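Undergrad: A predicted structure for the sequence below; I have some questions about it.
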Amino acid sequence: MGDEGGHERDQRGESRKERVDRELIELLNELRVALPGVQVLFAFLFTVPFSSGFERMTDMQRGWYFVTLVATVAASALLMAPTSYHRLTFREGTSEKERMLRTVNGFAIAGIAMLDLAIGGAVFVAGDMLYGAWPAAGVAAAVGVVTGWLWFGLPLTRRGRDR
């Protein structure tokens, strides 16, 4: 829309540079909300192998535990990547910042998807140990559907309707 300096104004009254800066700040603020949840889940999952009940876990439970741990690692990496990307490309100009925003937006979405899987996995492992596989699978599926709808379905449905 505008030049590299971003002096032309859009319908919000923002220059290109102001819009890109605002969008980056919004993204980083959103990540500040998600990251503590990922960190708490990660910390919890790291304590599980050292707890007294870990040796009672079946091979299937250990497998699901490990998948959940890996999903949490992936969520952590993807949700922290925007900060690193921003730091390493700091002061590269508005065009680079726009490219970075497109890239890290994908990281954030993928990180949220991995967090959804990790939460469902944690619910399944805990539920399986307490109540058995079938009740745990039902509750984990319900958690996955609810969080998937809230985090993806609802926003995408509304975006589709608004277009």
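TA: Thanks, I have the structure now. Numbers count the residues shown, from 1 in each chain.

Undergrad: Show me the helices in the chain, by range?
TA: 16-47, 59-88, 94-131, 133-148, 154-162 (DSSP state H).

Undergrad: buried sites along the second one?
TA: Read that as helix 59-88. Across helix 59-88, burial judged by 16 or more other CB atoms under 10 Å covers 61, 64-65, 68-69, 71-72, 74-76, 78-82, 85-86. C-betas here are computed from N, CA, C, even on glycine.

Undergrad: pLDDT at residue 147, what is it?
TA: What the model reports as pLDDT for residue 147 is 97.

Undergrad: Pipe the helices of the chain into JSON lines and attach distance to residue 9 per row.
TA: Compiled in JSON lines, those are given as follows (distance: least, CB to CB, whole Å):
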{"stretch": "helix 16-47", "distance to residue 9": "9"}
{"stretch": "helix 59-88", "distance to residue 9": "25"}
{"stretch": "helix 94-131", "distance to residue 9": "14"}
{"stretch": "helix 133-148", "distance to residue 9": "38"}
{"stretch": "helix 154-162", "distance to residue 9": "23"}
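
Undergrad: Where among those helices is average confidence lowest?
TA: helix 16-47 (a mean of 88).

Undergrad: wait, what's in contact with the closest residue to residue 73 other than its chain neighbours?
TA: In space, and not counting its chain neighbours, residue 73 is closest to residue 42: 7.4 Å by CB to CB, 6 or more residues apart in numbering. Residues in contact with residue 42, defined by CB atoms under 8 Å, 6 or more residues apart in numbering, are 72, 73, 76.

Undergrad: what's the closest of these to residue 34?
TA: Using CB to CB, residue 76 is the member of the contacts of residue 42 that lies nearest residue 34, at 10.1 Å.

Undergrad: What distance do you get for the nearest residue to that closest one once chain neighbours are set aside to residue 21?
TA: Nearest residue to residue 76 in three dimensions, chain neighbours excluded: residue 38, at 5.3 Å (CB to CB, 6+ apart). Between residue 38 and residue 21 the computed distance is 26 Å (CB to CB, to the nearest Å).

Undergrad: repeat for residue 48
TA: 41 Å.

Undergrad: quick one: which of residue 38 and residue 21 has more around it?
TA: residue 38 (25 against 15; other CB atoms under 10 Å).
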